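Engineer: dropping a prediction and its sequence here:
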Amino acid sequence: MTTTTAPQASSAARLSDAELAAVRADFPLLGRELRGGRPLVYLDSGATSQKPDPVLDAEQDFYLQRNAAVHRGAHQLAEEATEAFEDARAAVAAFVGADPDEIVWTSGATTALNLVTHALLGATLDAARGRGRAESRRFALAEGDEIVVTEAEHHANLVPWQELAARTGATLRWLEVDDEGRIRVDQVGDVVTERTKVLAFTHASNVTGAITPVAPLVARAREVGALTVLDACQSVPHLPVDLRALGVDLAAFSGHKMLGPTGVGALYGRRDVLADLPPFLTGGSMVEVVTMETTTFAPPPQRFEAGTQPVAQAVAMGAAARYLSELGMDAVAAHEREVAAELLRIQEVPGVRVIGPTEAVERLAVVSFVVDGVHAHDVGQYLDDTGIAVRVGHHCAQPLHRRFGVAATARASASVYTTLDEVRALREALGGVRAFFGA
Amino acid sequence: MTGPSALEQLYQQVILDQARASHGRGLAALDVPTEAAAHDHAHHTGESHQVNPTCGDEVTLGVVLDAGTIADLRWDSQGCSISQASLSVLTELVTGKPVDEAEQLGETFRALMASRGQGIDDTAADTLGDASAFVGVSKFPARIKCALLGWAALRDALARATTTPLKEDA
């Protein structure tokens, strides 16, 4: 088992200055200089997080010491590689309150969500031809059925559902957001009905930072027998998340946003849901018995892991889960709440308007904003010149931007390693933007 | 306040001024020929809508050609100062010019954008007028497409105008 050496933080309390300094020392990239010798102020963790040494070491150590094909071969390396791979699955499962067999490796969250929509499409096609498992029929979609999403979704949790609806004849409906960008939970009784087969929603918006109250949505979905699918990409790296306690049927999250590597993510599925779901990708590693005519499929999670998996990356994602667990997600969340409150003080800068909740309540340290008279790209370019990295654009959420009447925003987003001084540097720099552009 | 120098290289004063001036903004004011004038087949109009999918910036640009010359050019757009300034500059640069000359200017501008901050030879650069100020943009790969948005719309609008008869002609 890979060991991690994350600085210990007392649970529930925020990180002390010394603890935060120790955390930052684990992230080699944070120490680099930019053009002109400027120190880096990385406020784009919502797009992708930086990686600590234990994660980098885990990936390299796998290649240096254990690299072999997993779940096959009788040699010692294969045995050790398989053990590292499955240990990582157990670590990620524990991190989100699941059992290891409820975690499916994917190449990322987008793939995880597409796995779900394509499995449902497969169930629909199977049902039409009277093939497949009888238990899978409950996932079949038809005209008259409805899929419900929200206006707050990242394109990755919207476009796959649009496509699934169009291909099956189901109707796509959605919950709107209010003026703070919060999902209109009050609409759930009207929008989620007996016709609803799927309710897919984000746990926390990658634009507004608003945290979704999951309980009332899950409760309504259960009343009508709809499958619930949670986009947990933004929540899992920043909040204590217990997927089983949340009661969702399926959830997707990615490695690279939670201090892990790119190219790996996970789909959580409650055991009984995964058991009945037909496969998406087929091929090696996901089968039991193959003849020239037909194939029987392996039980989950292997049923959904056709082909060679991103093994070294999965091992490193496991290390990331352990790193965060050792810090304590309560402490991480408490630290980031402080950062969020400080971030929101950019509203004190004349001309700066936040898109999303304006107070640090039930929101992440993800703050999108516009500057009066200056386009987001120009804001981002100005900030880059001071060494501050923010995201600009629509953040893969065009409908949400349209809802607020803006084409693009700048977004500052934090992680466990973000300091209050970095956020103050952002606020100070923003003070010069309008003058520079003559706005 | 004075911005840092690298930033000033990108946002030269002429670019900031042109972004504010917005020459050509207002597609509704496009001087579309009357039906009678269009029927002499010397007039053609073309319109193009282009988007920058990474940032959502967009432009709709219309041209009116009179005997092979750009008689009028107008646009609606929302985008960053680089894209808006580029539209303003190209409007001033190509209005009244023959189509082939406008297309050549587009090629020259694209060469400038591909120059990675090195610029192009002075003779070619001189033909670009204020558009040569965008040389600083070519050092910032993420912003080149901003500067090219309007020029892409112009190329497409010209292609449509020269190959498609007016609706009234059909």
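Structural biologist: Received it, and whenever you're ready, just let me know what you need. The structure displayed is predicted, hence computed values, not measured ones.

Engineer: what about the helices in chain B?
Structural biologist: Under the criterion DSSP state H, helices of chain B are mapped to B:5-10, B:13-21, B:35-38, B:81-94, B:99-113, B:122-127, B:141-163.

Engineer: lowest-pLDDT helix or strand in chain B?
Structural biologist: helix B:35-38 (a mean of 65; mean pLDDT, DSSP states H and E).

Engineer: quick one, what contacts residue 24?
Structural biologist: Defaulting to chain A. A:30, A:417, A:419 (Cβ atoms under 8 Å, 6 or more residues apart in numbering or on different chains). Yep, even glycine has a C-beta here, placed from its N, CA and C like the rest.

Engineer: I was thinking of chain B, sorry if that wasn't clear
Structural biologist: By Cβ under 8 Å, 6+ apart, the contact set of residue B:24 is B:73-75, B:87-88, B:91-92, B:95.

Engineer: domain assignment for chain A?
Structural biologist: A:17-50+A:328-437, A:61-325 (automatic domain parsing).

Engineer: now render those domains as JSON lines, adding mean pLDDT.
Structural biologist: As requested, the domains of chain A are arranged in JSON lines below (pLDDT from 0 to 100):
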{"stretch": "domain A:17-50+A:328-437", "mean pLDDT": "96"}
{"stretch": "domain A:61-325", "mean pLDDT": "97"}
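
Engineer: tell me which of the helices of chain B sits most buried.
Structural biologist: Most buried of those, by mean neighbour count (mean count of other Cβ atoms under 10 Å in any protein chain shown): helix B:81-94, with a mean of 26.

Engineer: circling back: which of the helices of chain B has the lowest mean pLDDT?
Structural biologist: Ranked by mean pLDDT, these end with helix B:35-38 at the bottom, a mean of 65.

Engineer: where's residue A:222 relative to residue A:247, distance?
Structural biologist: 8 Å (Cβ to Cβ, to the nearest Å).

Engineer: between these two, who's got more neighbours?
Structural biologist: A direct count of neighbours by other Cβ atoms under 10 Å in any protein chain shown for residue A:222 and residue A:247 places residue A:247 higher, at 17 against 13.

Engineer: the residue found closest to that one once you drop the neighbours it is linked to in the chain: neighbour count?
Structural biologist: Leaving out its chain neighbours, the residue that sits closest to residue A:247 by Cβ to Cβ, 6 or more residues apart in numbering or on different chains is residue A:218, at 4.5 Å. Look at residue A:218: counted by other Cβ under 10 Å, it has 19 neighbours.

Engineer: and the residue nearest the centre of chain A, backbone torsions?
Structural biologist: Chain A has residue A:233 as the residue nearest its centroid, 0.9 Å off, counting by Cα atoms, centre = their mean. Note on residue A:233: backbone dihedrals following degrees, to the nearest 10 are phi -60, psi -40.

Engineer: list the contacts of it.
Structural biologist: Residues in contact with residue A:233 (Cβ under 8 Å, 6+ apart) are A:109, A:154, A:156, A:202, A:206, A:252-254, A:257.

Engineer: over to residue B:45?
Structural biologist: Residue B:45 neighbours (Cβ under 8 Å, 6+ apart): B:30, B:32-33, B:62-65, B:161, B:166.

Engineer: please name the bridge partners of it.
Structural biologist: residue B:64 (DSSP bridges).

Engineer: distance of it from residue B:159?
Structural biologist: 13 Å.

Engineer: next, count neighbours for residue A:190.
Structural biologist: Residues near residue A:190, counting by other Cβ under 10 Å: 10.

Engineer: so where does it fall, helix or strand?
Structural biologist: Assigned by DSSP states H and E, residue A:190 belongs to helix A:188-191.

Engineer: hmm, who's touching the helix or strand just after that helix?
Structural biologist: Per DSSP H and E, helix A:188-191 leads on to strand A:196-202 as the next helix or strand towards the C-terminus. Contacts with strand A:196-202, where a contact means Cβ under 8 Å, 6+ apart, come from A:113, A:120, A:139, A:141, A:145-150, A:152-154, A:157, A:161, A:170, A:173, A:175, A:183, A:192, A:212, A:217, A:220-221, A:224, A:226-231, A:233-234.

Engineer: any idea how far the residue of chain B found nearest chain A lies from residue A:319?
Structural biologist: Using Cβ to the nearest Cβ, the closest approach of chain B to chain A is made by residue B:80 at 3.7 Å. Using Cβ to Cβ, we find residue B:80 at a distance of 40 Å from residue A:319.

Engineer: quick one: residues contacting residue B:85.
Structural biologist: Per Cβ under 8 Å, 6+ apart, neighbours of residue B:85: B:14-19.

Engineer: contacts with chain A among these, please.
Structural biologist: residue B:16 (Cβ under 8 Å from any Cβ of the partner chain).

Engineer: follow-up on the earlier one: could you dump the contacts of residue A:233 to a markdown table with secondary structure and neighbour count?
Structural biologist: Shown next, in a markdown table, are the contacts of residue A:233 (DSSP: H, G, I helix; E, B strand; the rest coil; neighbours: other Cβ atoms under 10 Å in any protein chain shown):
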| residue | secondary structure | neighbour count |
| --- | --- | --- |
| A:109 | helix | 26 |
| A:154 | coil | 21 |
| A:156 | helix | 22 |
| A:202 | strand | 27 |
| A:206 | coil | 26 |
| A:252 | strand | 30 |
| A:253 | strand | 30 |
| A:254 | strand | 30 |
| A:257 | coil | 27 |
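
Engineer: in CSV: the residues you listed, plus distance to residue A:103.
Structural biologist: Below are the contacts of residue A:233 laid out as CSV (distance: Cβ to Cβ, whole Å):
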residue, distance to residue A:103
A:109, 13
A:154, 21
A:156, 19
A:202, 20
A:206, 22
A:252, 11
A:253, 10
A:254, 13
A:257, 16
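
Engineer: closest to residue A:291 out of the residues you listed?
Structural biologist: Closest approach to residue A:291 among these (Cβ to Cβ): residue A:252, at 33.6 Å.

Engineer: residues contacting the closest one?
Structural biologist: Contacts of residue A:252 (Cβ under 8 Å, 6+ apart): A:106, A:109, A:112-113, A:116, A:157, A:229-233, A:265-268.

Engineer: interface residues of chain B facing chain A?
Structural biologist: B:1, B:3-4, B:6-7, B:10-11, B:16, B:20, B:54-58, B:78-82, B:84, B:140, B:143, B:146.

Engineer: measure how buried residue A:56 is and give me the count.
Structural biologist: Neighbour tally, residue A:56, other Cβ under 10 Å: 17.

Engineer: what helices or strands is the host helix or strand of it leaning on?
Structural biologist: Assessed by DSSP H and E, residue A:56 sits inside helix A:53-61. Secondary-structure packing of helix A:53-61 (3 or more Cβ pairs under 8 Å, 6 or more residues apart in numbering or on different chains; DSSP states H and E): helix A:311-327.
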